[in-house]
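Chemist: Just the structure for this:
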Amino acid sequence: MGLSAWLIGLRLTRKTGRLPGQIDPAAWDIPGLRSFLLSDGLGLIGSYFYQIALPGLVLELGGSAADVGLTILLSGVSRIGLMIFGGALSDAFSPKLLLMAANLARLGLVLALAGLAASSRLSLGVLMGFNLAFGITEAIGLPSRATLLPGLVQSGQLQRANVMAAGQEKLIGMLGPAAAGAIVFHATIWLNSPVAVSAFIIQALALSTSLLFLRSVRPDSSGCSDKERGQKTPAAPLNELVRLIRLHKHLGVSILMVLAVNGISIGPLCIGLPILAISRFTNSAGALGILMSASSGGALLGAILPELLPRPPSRHILPIILGVIGLSGAGLFILFTAEALISAALAALMVGMLLAYVNVIGVTQVQLNTPPAFMGRVMGVLNLK
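Modeler: So this is what the prediction gives:
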């Protein structure tokens, strides 16, 4: 009955004139959440300046295309290798303070890189070491960010907060790289400095402003406090996390579903789209741009879809996630067998939308069912990507 009501709940309600589940404008003004989103968005925008500058800087230092891949891989290895440890830290200490410490460390690294690049003292080996250090800051910052967010809102507002954070992330992911490239180009001319130096300076400004907003973040008084979340007590061992997942089978299944969605997003989409564009379409660069834009646009729509649809009952969320993953598989089949670019683009849009939708409701389900003392480690597991 609940599932049927959810499926037919798109009709307008007479009392509010809104779709069931549609956002009440007054509800967007959640204490502490606005500053968190501004801080998070600025940090994400700043990261694109670094990503744009990194490949060219590696080549300028005498590296090859393989060295570019190795440099990027080093940050991923350190991030994934320490992610659960970073989650355990956010269970033992304040996630806000840990996130501030991670961002301060990132700011220091960026300023040091800018100084070394400006003075021509930067070498390829040192740059790789910096990238390894960036991965460590992400291993601490990502679980802390995901642990901090539920403490800013009440449980009933958690999905809305996740929608806002995910929607912002997808929107910046669509517009950020192109905007960062244009800004760096003009900044290089205005500052009369190398591209990498200009990019690092702008990233440092973004990180500094991000820290100012993060400093003003305050947990919602009706939400979970640090004491309630167990963050003032030492982190339990990793085997306690395994035991928790064994005891709460639904939580374990939810975590596996979210990890499966992340795997589909990274593998078939991030790696498969370039291969598809090169192997099937004549104008591979143009085709790749269209496919990536379609996937990103779908992901943005999917991220905000949970607020446009009625919220499904908790007992139906896992079947819905499984069903949507099945539809995503069908969409991937169409995507990688389509001969026409328009068909492939529509399939990429559909898959991106479905995966983003189930990711938001899946993460929300995991957060609602995770004991506060384990939130950091569980979020660390979800960020293993």
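Chemist: rest of the way, CA atoms for contacts and neighbours
Modeler: Fine.
Chemist: for the stretch 1-150 of the chain, what are the low-confidence residue spans?
Modeler: 1-31 (pLDDT under 70).
Chemist: and residue 121, helix, strand or coil?
Modeler: When classified by DSSP: H, G, I helix; E, B strand; the rest coil, residue 121 comes out as coil.
Chemist: switch to numbering from 36
Modeler: Shifting the count to begin at 36 puts that one at residue 156.
Chemist: quick one: buried residues of stretch 406-420?
Modeler: By 16 or more other Cα atoms under 10 Å, the buried positions in stretch 406-420 come out as 407-419.
Chemist: Mark which of the residues you listed are part of strands, please.
Modeler: In strands, judged by DSSP state E, none of the buried residues of stretch 406-420 are found.
Chemist: and those residues as TSV, adding pLDDT and distance to residue 119?
Modeler: Below are these laid out as TSV (pLDDT from 0 to 100; distance: Cα to Cα, whole Å):
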residue	pLDDT	distance to residue 119
407	83	16
408	81	14
409	85	11
410	87	11
411	86	8
412	87	6
413	88	8
414	88	8
415	87	5
416	85	6
417	84	9
418	82	9
419	78	8
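Chemist: Go through those and flag which are in helices.
Modeler: 410, 411, 412, 413, 414, 415, 416, 417 (DSSP state H).
Chemist: count of neighbours near residue 350?
Modeler: 11 (other Cα atoms under 10 Å).
Chemist: Report the inter-axis angle for the helix or strand containing residue 120 versus helix 410-417.
Modeler: Applying DSSP states H and E as the criterion places residue 120 in helix 100-127. Helix 100-127 and helix 410-417 meet at an angle of 160 degrees, taking axes from the mean of the first three to the mean of the last three Cα atoms, to 10 degrees as the criterion.
Chemist: which other helices and strands contact helix 100-127?
Modeler: Counting contacts by 3 or more Cα pairs under 8 Å, 6 or more residues apart in numbering; DSSP states H and E, helix 100-127 packs against helix 68-95, helix 159-183, helix 410-417.
Chemist: Name the next helix or strand downstream of whichever strand or helix holds residue 307, please.
Modeler: Here residue 307, judged by DSSP H and E, is contained in helix 307-315. With elements assigned by DSSP H and E, the helix or strand that comes after helix 307-315 is helix 319-343.
Chemist: how many degrees apart are the helix or strand following that next one and helix 319-343 in direction?
Modeler: Once the chain leaves helix 319-343, the next helix or strand it forms, by DSSP H and E, is helix 349-372. For helix 349-372 against helix 319-343, the angle by the same axes, to 10 degrees is 170 degrees.
Chemist: Got the domain ranges for the chain?
Modeler: For the chain, automatic domain parsing gives the domain ranges 67-256, 271-420.
Chemist: so which of the buried residues of stretch 406-420 would you say is closest to residue 293?
Modeler: residue 417 (7.0 Å; Cα to Cα).
Chemist: Now do the same for the nearest residue to the closest one once chain neighbours are set aside: its pLDDT.
Modeler: Excluding its sequence neighbours, the residue lying closest to residue 417 (Cα to Cα, 6 or more residues apart in numbering) is residue 294, at 6.3 Å. On pLDDT, residue 294 comes in at 84.
Chemist: cool, and the one 3 residues further on?
Modeler: Reading off the confidence values, residue 297 has pLDDT 78.
Chemist: Now it: which helix or strand?
Modeler: With DSSP H and E as criterion, residue 297 is part of helix 284-299.
Chemist: Kindly export that helix (C-alpha atoms) in PDB.
Modeler: Output of helix 284-299 as PDB, limited to C-alpha atoms (Å, rounded to 0.1, in the frame of the first residue of the first chain):
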ATOM      1  CA  LYS A 284      21.900  -7.000   8.000                       C
ATOM      2  CA  HIS A 285      19.700  -4.300   6.400                       C
ATOM      3  CA  LEU A 286      22.500  -1.800   7.100                       C
ATOM      4  CA  GLY A 287      25.000  -4.100   5.500                       C
ATOM      5  CA  VAL A 288      22.800  -4.500   2.400                       C
ATOM      6  CA  SER A 289      22.300  -0.800   2.100                       C
ATOM      7  CA  ILE A 290      26.100  -0.200   2.300                       C
ATOM      8  CA  LEU A 291      26.700  -2.800  -0.500                       C
ATOM      9  CA  MET A 292      24.000  -1.200  -2.600                       C
ATOM     10  CA  VAL A 293      25.600   2.300  -2.300                       C
ATOM     11  CA  LEU A 294      29.100   0.800  -3.100                       C
ATOM     12  CA  ALA A 295      27.600  -1.000  -6.100                       C
ATOM     13  CA  VAL A 296      26.200   2.300  -7.400                       C
ATOM     14  CA  ASN A 297      29.600   4.000  -6.900                       C
ATOM     15  CA  GLY A 298      31.300   1.100  -8.700                       C
ATOM     16  CA  ILE A 299      29.000   1.500 -11.700                       C
END
